[in-house]
Every structure is written in C-alpha cells, then in structure tokens.
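Asks: I would like the atomic coordinates for the input below:
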Amino acid sequence: MRIPIIKVKDGKYEHIVGTNSHDVLYVDEQSGGIQYMNMQSCEGTKRFGRESSVCFVGEPMEECDVFGPEIEFVTVEELIEIALQQMREGTENKLLLHKLVGTYLKEKEIYQKKLEEDNIQDSGGALLF
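Replies: Below you'll find the predicted structure:
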C-alpha cells in the first residue's frame with residue numbers, strides 16, 4: 001500500500017499537510033479538486049481574487065506539464081522514516097529553544113540586578129516571562 005504525502009509551501013516554509021494542527025484539506029465544490037487551508041491564518045491554495053501565498057509542492061508530472069505538481073506516494077516504511085526524521089528535527093528545535101530561553105533568563109537576571117544597583121525601575125523591552 002502506498003500513502004500520499006501532500007506538501008504545501010507558504011513563502012519559504014514547506015511542510016507536510018497534517019503536521020500542523022491548523023491544516024485542513026477539503027474538496028472544492030466548484031472545481032472538484034483538493035484544496036489546502038491553514039485554519040489559523042485562513043490562507044490556502046484557493047485563490048480569492050488575489051494571488052495565493054500558499055502552493056502545493058511537488059515535481060511536475062512527466063506525462064503532462066499542464067497539471068500542477070504530482071503528489072508523492074510513499075510506503076508505510078518510508079512514512080515511518082519521515083515521521084522519525086520530523087520527530088528528530090522537532091526535538092532538536094525544542095532543545096535549542098529551551099537553551100536560548102535559559103540564556104535569555106540568565107542574562108535578564110544579570111541586567112535587572114545592574115538596574116537595581118543603580119536604583120532604576122525599568123521594565124522597557126522586557127519579555128513577560
């Protein structure tokens with residue numbers, strides 16, 4: 001069995017549909033085609049009087065170049081490998097973010113102490129955490 005992997009691109013950000021909780025695929029009643037929409041931003045592949053910022057990603061079909069990108073199909077084993085890769089990348093991103101927030105909080109404490117030493121009360125530019 002082969003499973004479709006539908007990818008979309010919004011600017012430079014490319015992802016597999018379904019990996020974001022705001023992703024939705026729907027059948028366009030006018031064209032009968034599949035459309036993508038991010039429910040949080042209300043941006044999608046369907047054009048409403050202006051150029052869409054989101055597009056499907058894939059290689060053009062070899063047989064006919066008038067269609068849009070061809071949807072990639074993978075095996076169950078390949079799908080598991082993709083999921084593992086995304087889990088690894090997501091974990092690395094979370095660890096990096098955690099490290100950066102820790103660095104920020106340490107620096108914030110240092111500079112807050114410097115202000116307190118000079119008896120200056122200032123919250124300008126401070127993040128809420």
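Asks: give the buried residues for stretch 50-58.
Replies: 54, 55, 56, 57 (16 or more other C-beta atoms under 10 Å). Glycine gets a C-beta too; all of them are placed from N, C-alpha and C.
Asks: all helices of the chain, in order?
Replies: Per DSSP state H, the chain carries helices over the ranges 76-117.
Asks: redo the buried residues of stretch 50-58 as CSV? Include pLDDT and distance to residue 13.
Replies: Shown next, in CSV, are those (pLDDT from 0 to 100; distance: C-beta to C-beta, whole Å):
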residue, pLDDT, distance to residue 13
54, 91, 10
55, 91, 12
56, 91, 14
57, 91, 11
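Asks: nearest to residue 70, of the residues you listed?
Replies: residue 56 (9.6 Å; C-beta to C-beta).
Asks: picking that back up, pick out the most distant pair among the buried residues of stretch 50-58.
Replies: 54 and 57 (10.0 Å).
Asks: name the nearest residue to residue 22, ignoring sequence neighbours.
Replies: Leaving out its chain neighbours, the residue that sits closest to residue 22 by C-beta to C-beta, 6 or more residues apart in numbering is residue 40, at 4.1 Å.
Asks: from residue 4, how far out is that neighbour?
Replies: Noted for residue 40: a distance of 23 Å to residue 4, by C-beta to C-beta, to the nearest Å.
Asks: contacting residues around residue 53?
Replies: Residues counted as contacts of residue 53 (C-beta atoms under 8 Å, 6 or more residues apart in numbering) are 10, 11, 43.
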